[in-house]
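Asker: need a 3D model of the following:
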Amino acid sequence: MHNTASITNLNTGASISASNTNSGWLIGAGIEWAFFNNWSAKVEYDYLGLNSWSFNGVLLFPNDTFTVSRNIQTLKVGLNYRFNWGGYGYPAPRY
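Answerer: Residues are numbered from 1 along each chain as shown. Here you go, the predicted model:
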């Protein structure tokens, strides 16, 4: 994960930026349900855990340290259609 952060002093217009790159971990779970011929629906939850990132204000805010929490939670919901081009996988349904 790569992050860039900028902090601007609104009174003076002075700004400071910092960047950081590190790795983390991911855990997730999901389910998919085929409800009609080539159609399916899915739902998935993922949690991405990254280390917190801290930096100080140096010149603009010399006595302040800023910390960014980078834990991300996502929920995905989807509707899928399987085209079955080329005949791979399960045979096409017969009517």
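
Asker: any idea which helix or strand comes after the lowest-mean-pLDDT helix or strand in the chain?
Answerer: Within the chain, no helix or strand scores below strand 53-57, which has a mean of 70 by mean pLDDT, DSSP states H and E. Next helix or strand after strand 53-57 toward the C-terminus (DSSP states H and E): strand 61-68.

Asker: adjacent strands (with direction) for that following strand?
Answerer: strand 53-57 (antiparallel) (DSSP bridges).

Asker: wait, what's in contact with residue 48?
Answerer: 1, 24, 25, 26, 71, 72, 73, 74 (Cβ atoms under 8 Å, 6 or more residues apart in numbering). C-beta here means a position set from N, CA and C on the backbone, and glycine is covered the same way.

Asker: now residue 75
Answerer: 43, 44, 45.

Asker: which one among those residues gets closest to residue 64?
Answerer: Of all the contacts of residue 75, residue 45 has the smallest distance to residue 64: 35.3 Å, by Cβ to Cβ.

Asker: pLDDT at the nearest residue to the closest one once chain neighbours are set aside, what is it?
Answerer: Leaving aside its chain neighbours, residue 45 sits nearest to residue 75 (5.4 Å; criterion: Cβ to Cβ, 6 or more residues apart in numbering). You'll see residue 75 listed with a pLDDT of 98.
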